[in-house]
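> got a structure for you, letters missing:
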């Protein structure tokens, strides 16, 4: 008597057919939903799903700043210290996208973290600092950004930060000092904040200084006034020998860039808002659903539309992530960074219109967006 043993190919085919049959049964059971809809409820961080994260901790840093620790989905590709992440946060039923610097070094739990400072009229920042809770889900994009240290790390560094500008830099420091052999180079950190208590990560930074890992220069506006770049040469006598990184308010970065350019020195900067030129003519922005918004020539279309209640896609808000791009079918806009005019003429620019970034373009006359 002989027994027929199914071949590997037959067994594989039978297994595939079984899985397909089970999927059809499950799909019938959950209709009108799809299987992925059900999996999103029970296993939202699974591989292959839309990239999300789950908040696992909200840790106050100051009265107006908090660190949000997030467990990312399995498709999170990692990051380099100094990079940022684009996040979609649901606030009162509306999904809003913002960009935040990643503030952690290597974590054995696989989590990521951002540190957010609540800013005036900042809908998302206030929500994350004061209302977010562990267990909440957020949308994620992969990490981006060029504000990272070169390899090998230069022996002498100068880090200039102010306010929440410390957030990308703290990730760099945590990464350098969490290694099995911590970085032993020469780091000067010059940080400005309103008061001593308002220094985000203040105890941690002072701890690094006490251990001799950095030379920390704190300037508190209530006592010392604003940082004057004319004092840099006195505060850091060997300025020209140091690889420099700076992050903070636009006014500070503008002054630093001018200071470094006058000495023909290189400065690496990270801005949370783009540099803008003088405003030009505004206009009426109309949308495919018939809504219209009056926008001046100094306000990004994204901000003008949101101020009028139009829900817009967005991300970094400084012209980097391309999360705000919409097609302009007709009209003209002006790039607030350099004054360049982009024009869309029906019948000449193609049926799809001209893609524009709404976060860095203002109306330069009437324009129509396909949104």
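The structure has been received and is ready for your questions. Computed from a predicted structure; not experimentally measured.

> so residue 254: helix, strand or coil?
helix (DSSP: H, G, I helix; E, B strand; the rest coil).

> what does residue 306 give?
Strictly by three-state DSSP, residue 306 counts as helix.

> number the chain from 155, please
Fine by me, first position is 155 from now on; the one you just mentioned is residue 460.

> setting aside sequence neighbours, what's the nearest residue to it?
Once flanking residues are discounted, residue 460 sits nearest to residue 466: 5.7 Å by Cβ to Cβ, 6 or more residues apart in numbering. Backbone N, C-alpha and C define where each C-beta goes, glycine included.

> quick one: which helix or strand includes the residue nearest the centre of the chain?
Ranked by distance to the mean C-alpha position of the chain (Cα atoms, centre = their mean), the top residue is residue 253 at 2.4 Å. According to DSSP states H and E, residue 253 maps onto strand 248-255.

> what does the helix or strand following that strand rub up against?
Scanning forward in sequence from strand 248-255 by DSSP H and E, the next helix or strand is strand 266-271. Contacts with strand 266-271, where a contact means Cβ atoms under 8 Å, 6 or more residues apart in numbering, come from 207, 215-216, 218-224, 226, 230, 233, 239, 241, 254-258, 261, 279, 282-283, 317-318, 321, 324, 354-355.

> would you map the strands across the stretch 405-525 of the chain?
421-424, 437-441, 446-449, 479-489, 495-498, 508-511, 515-523 (DSSP state E, counting those that start in this stretch).

> of all those strands, which one comes closest to residue 411?
strand 421-424 (6.0 Å; Cβ to Cβ).

> name the strands paired with that closest one and say parallel or antiparallel.
Strand 421-424 sits in its sheet next to strand 397-401 (parallel), going by DSSP bridges.

> any idea of the angle the strand it pairs with forms with strand 248-255?
Per axes from the mean of the first three to the mean of the last three Cα atoms, to 10 degrees, the angle that strand 397-401 makes with strand 248-255 is 160 degrees.

> before we move on, back to that, how about the strand holding residue 253: buried residues?
250-255 (16 or more other Cβ atoms under 10 Å).

> returning to what we had before: gap between the residue nearest to the centre of the chain and residue 347?
22 Å (Cβ to Cβ, to the nearest Å).

> one step back: burial measure for the nearest residue to the residue nearest to the centre of the chain once chain neighbours are set aside, as a count.
Spatial nearest neighbour of residue 253, chain neighbours left out: residue 470 (3.9 Å); criterion: Cβ to Cβ, 6+ apart. Residues lying near residue 470 (other Cβ atoms under 10 Å) number 26.
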